[in-house]
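Participant: Sequence first, then the predicted structure:
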Number of protein chains: 2
Amino acid sequence: MKFNCSKTDLNINLSRVSRVVPSRPTHPVLGNVLLVADAEKGRVSLTAFDLSLGIRTSFHASVIEGGMITLPAKLLGDIVSRLPEGEITIAYEDNSGEDNALTTLTSASGRFQIRAMSAEEFPPLPVVENGSLVMLPKSALTEGLRGAAFAASTDETKQVLTGVHLICSHYSLEFAATDGHRLAMVETALDEDSVTSSELEDFEVTIPARALRELEKMLSMAQDTELVGLNFDEGQMVFELGDQILTCRKLEGVYPDYRKLIPTEFTRTATLERKRLLSGLELVAVLADQKNNLVKFTINGEESEVSLSVEAADVGSAKESLPGQITGLDLEIGFNVKYFMEGLKTISAAEIKMHLNECNQPVILTPMSGVKVTYLLMPVQLRN
Amino acid sequence: MKFNCSKTDLNINLSRVSRVVPSRPTHPVLGNVLLVADAEKGRVSLTAFDLSLGIRTSFHASVIEGGMITLPAKLLGDIVSRLPEGEITIAYEDNSGEDNALTTLTSASGRFQIRAMSAEEFPPLPVVENGSLVMLPKSALTEGLRGAAFAASTDETKQVLTGVHLICSHYSLEFAATDGHRLAMVETALDEDSVTSSELEDFEVTIPARALRELEKMLSMAQDTELVGLNFDEGQMVFELGDQILTCRKLEGVYPDYRKLIPTEFTRTATLERKRLLSGLELVAVLADQKNNLVKFTINGEESEVSLSVEAADVGSAKESLPGQITGLDLEIGFNVKYFMEGLKTISAAEIKMHLNECNQPVILTPMSGVKVTYLLMPVQLRN
């Protein structure tokens, strides 16, 4: 194997795939990146795979001799990122027969020799054969992930709740995630023209939030008009974006019927300036108890005011007030201040509306403009 | 005690003093900052002190009632930094007689109550009485600290080597620091007019590097033309800059006679582009052994080239070459790559000159322009 490429191309593509390389690989080869040079296509592909999540990218290169090899991802990335701009050559002589042979990287002023591992040891990236392929606009995916993925559980034992549930039905996409304490749901309509030329079939799938965080990073580098291919079968899910693919296992199990958790009628509402509410919560959160993170909302219709207060037994207390448009009777209700802030941060609208019933019933937040987001929060009991 | 001040003033001054507040104080009051409101002067002073290093600053405030109290530094800083711009009021009623009474902080939209501790529990900041006072230009101190302080030992058992040695003699200032493996020395000449109106007396003092790192931060915010007051007696050292003072204990013990370590004659020199040498070292350092950090310099006069090479048994090898002006015979010599890079980073000149004898004798680096810096490095034995 031997190819010349630009430092910049190799560096960008290495940083794309290296994100999924585990820092403590269970097997040495999983700490490596697979390089495949294709002389016919004049391209080099890079693959990283931790046995559940995989990324492959490819870029143009002048391939003198095709071949494949794996190299330590961190070491290679550390070297390439520090190289000056310019052309570099990577060469590996496959005639030795010995394992751990040296791969040579040559730049204008230097020469590096790195111990390689055979490409045969690298686990194959799962492929989807005869699966469903749908093309979705980048913008719909970006909005959905931004508004929902943060609410997924980070507790690996919670299985299906560590994922984002995606429902495609009648040219609308719905994203939902919940960890049992809160639920975030985003609904986006798909423009028929923007989706695909053939008819879009309905589907429903739960995707690990970790894979979607990687997808978000991929999407953040792409043009707004680009389409993302979703290719999936019973067990596997593959996202395709330009020269990059991301592959992961679908989460198995029945996703909870979250729609029935969302109340449809409310006796109270409060419309508030989002940034002001967020700043107020950030302030009182300084004193919130590290354990229960409790903040008390006091909703006062006569004063058209919502006050946020926190009591920390050994430290002190905090209270912030902000104006709001209020309907319904006054109410005192408690929330986990971190959960409340996380929801507000993913919304971009200038105003949000709280929809409430009693102090022990779920509350929903909705933005007053823009993407259709529903954020449901379970209240926390106030201490008396 | 009661005063009004601007959020910005309080925030800036809190962040200045909070740097010396220990994150795990040995006594609760050392986690606090002392606030003293002086009604006559219309000023509030803030003090933090960890029993070895102390900072005091003061700022204008509208003092309604003078007094003093201590408040948890981190909590107060977290609140004040998140407050919107505007006026805030801090009030503490001293009539309770009870300890841990509440101090109230009021802003336009909120009210915080914070448990306070009595000012009487706060240890007094050491003062220097009848000491020597000299005024030095900020620029000389900045250059000296930048060029020398990094070479001080971080090993607390090394006593006097954890400090920077400062010699003032005949209107020149010399800064030196060494950890036994390398030595950094900076010489700056003082303009007689810029120093002080009275005659500058010669002095010699060793100051903890930790205190000087804080002084560097203080200096970085100051005007270039400002003067810094050094006030010291047998045991204590006080730096004064505008409204801020920094106090620390002098390091006791005889500082080594480092001048005699610096060779005065050399058989070889190599003049190199500083940035290129630094980039080359950063590249090969990726493969340098974590334990000995060994890099080999091969100085080749015929080729007018210096090459940097590293061997890492299980990983691979790296070699970078760069052009240089060379005098004397060829040489192979080993260095600790981290020590070499640290020295190069504090120099700002475009070119540096290495002065060498044999591969087991100390080497010095000097910049080809600007501040007079001498960086001495002990070579490391090469493995054969």
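Facilitator: Perfect, thanks for sending it.
Participant: contacting residues for the residue lying closest to residue A:350 once chain neighbours are set aside?
Facilitator: For residue A:350, ignoring the flanking residues on the chain, the nearest one in space by C-beta to C-beta, 6 or more residues apart in numbering or on different chains is residue A:274 at 6.1 Å. For glycine as for every other residue, the C-beta is placed from the backbone atoms N, C-alpha and C. Counting by C-beta atoms under 8 Å, 6 or more residues apart in numbering or on different chains, residue A:274 touches A:344, A:347, A:349, A:350, A:351, A:352, A:367.
Participant: Then residue A:300?
Facilitator: By C-beta under 8 Å, 6+ apart, the contact set of residue A:300 is A:306, A:307, A:326, A:330.
Participant: ok, now residue A:12?
Facilitator: Shown in contact with residue A:12 (C-beta under 8 Å, 6+ apart): residue A:59.
Participant: Spell out the residue ranges of the helices in chain A.
Facilitator: Ranges of helices in chain A, per DSSP state H, are A:7-18, A:73-82, A:138-148, A:192-195, A:209-220, A:274-285, A:337-346.
Participant: Pick the most buried one from those.
Facilitator: Neighbour counts (mean count of other C-beta atoms under 10 Å in any protein chain shown) averaged over each of the helices of chain A peak at helix A:138-148, with a mean of 22.
Participant: what sits up against that helix?
Facilitator: So helix A:138-148 is contacted by A:164, A:166, A:173-177, A:184-186, A:188, A:190, A:212, A:215-216, A:219-220, A:222-228, A:241, A:346-347, A:371, A:373 (C-beta under 8 Å, 6+ apart).
Participant: Of those residues, grab the buried ones for PyMOL.
Facilitator: Typed into PyMOL, the line below selects the buried ones among the contacts of helix A:138-148, using 16 or more other C-beta atoms under 10 Å in any protein chain shown:
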select buried, chain A and resi 164+166+173+174+175+176+177+184+185+186+188+190+212+215+219+222+227+228+241+346+347+371+373
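Participant: Take the contacts of helix A:138-148 and keep only those in strands.
Facilitator: A:164, A:166, A:173-177, A:184-186, A:188, A:227-228, A:241, A:373 (DSSP state E).
Participant: Closest to residue A:84 out of the residues you listed?
Facilitator: Closest approach to residue A:84 among those (C-beta to C-beta): residue A:241, at 29.8 Å.
Participant: For that closest one, give me its contacts.
Facilitator: A:138, A:218, A:219, A:222, A:226, A:228, A:229.
Participant: one more time with 6 Å, if that's ok
Facilitator: Going by C-beta atoms under 6 Å, 6 or more residues apart in numbering or on different chains, residue A:241 touches A:218, A:222, A:228.
Participant: with those residues in mind, which one is nearest to chain B?
Facilitator: residue A:218 (26.7 Å; C-beta to the nearest C-beta).
Participant: Tell me which residues touch that closest one, please.
Facilitator: A:241, A:244 are the contacts of residue A:218 under C-beta under 6 Å, 6+ apart.
Participant: Run through the residues of the stretch 101-250 of chain A sitting next to chain B.
Facilitator: Neighbours of chain B within the stretch 101-250 of chain A, by C-beta under 6 Å from any C-beta of the partner chain: A:109, A:110, A:111, A:112, A:113, A:114, A:115.
Participant: Once you drop chain neighbours, what's closest to the fourth one?
Facilitator: Leaving out its chain neighbours, the residue that sits closest to residue A:112 by C-beta to C-beta, 6+ apart is residue A:105, at 4.3 Å.
Participant: Determine the number of other residues adjacent to the one you found.
Facilitator: 22 (other C-beta atoms under 10 Å in any protein chain shown).
Participant: Please apply the same query to residue A:302.
Facilitator: The number of residues near residue A:302, taken as other C-beta under 10 Å, comes to 7.
Participant: And for residue A:250?
Facilitator: Burial of residue A:250 is recorded as 17 neighbouring residues (other C-beta under 10 Å).
Participant: repeat for the one 4 residues further on
Facilitator: Neighbour count for residue A:254, taken as other C-beta under 10 Å: 7.
Participant: Then residue A:374?
Facilitator: Residue A:374 has 20 neighbours, counted by other C-beta under 10 Å.
Participant: what's near enough to touch it?
Facilitator: By C-beta under 6 Å, 6+ apart, the contact list for residue A:374 reads A:185, A:364, A:366.
Participant: One more: residue A:335?
Facilitator: Contacts for residue A:335 (C-beta under 6 Å, 6+ apart) come out as A:295, A:377, A:379, A:380.
Participant: for residue A:107, same thing?
Facilitator: Counting by C-beta under 6 Å, 6+ apart, residue A:107 makes contact with A:83, A:88.
Participant: any idea how chain A splits into domains?
Facilitator: A:2-121, A:132-258, A:262-377 (automatic domain parsing).
Participant: and the residue nearest to residue A:280 when sequence neighbours are not counted, what does it touch?
Facilitator: Nearest non-adjacent residue to residue A:280, counting by C-beta to C-beta, 6+ apart: residue A:320, 4.0 Å away. Residues counted as contacts of residue A:320 (C-beta under 6 Å, 6+ apart) are A:280, A:283, A:284, A:308, B:109, B:110.
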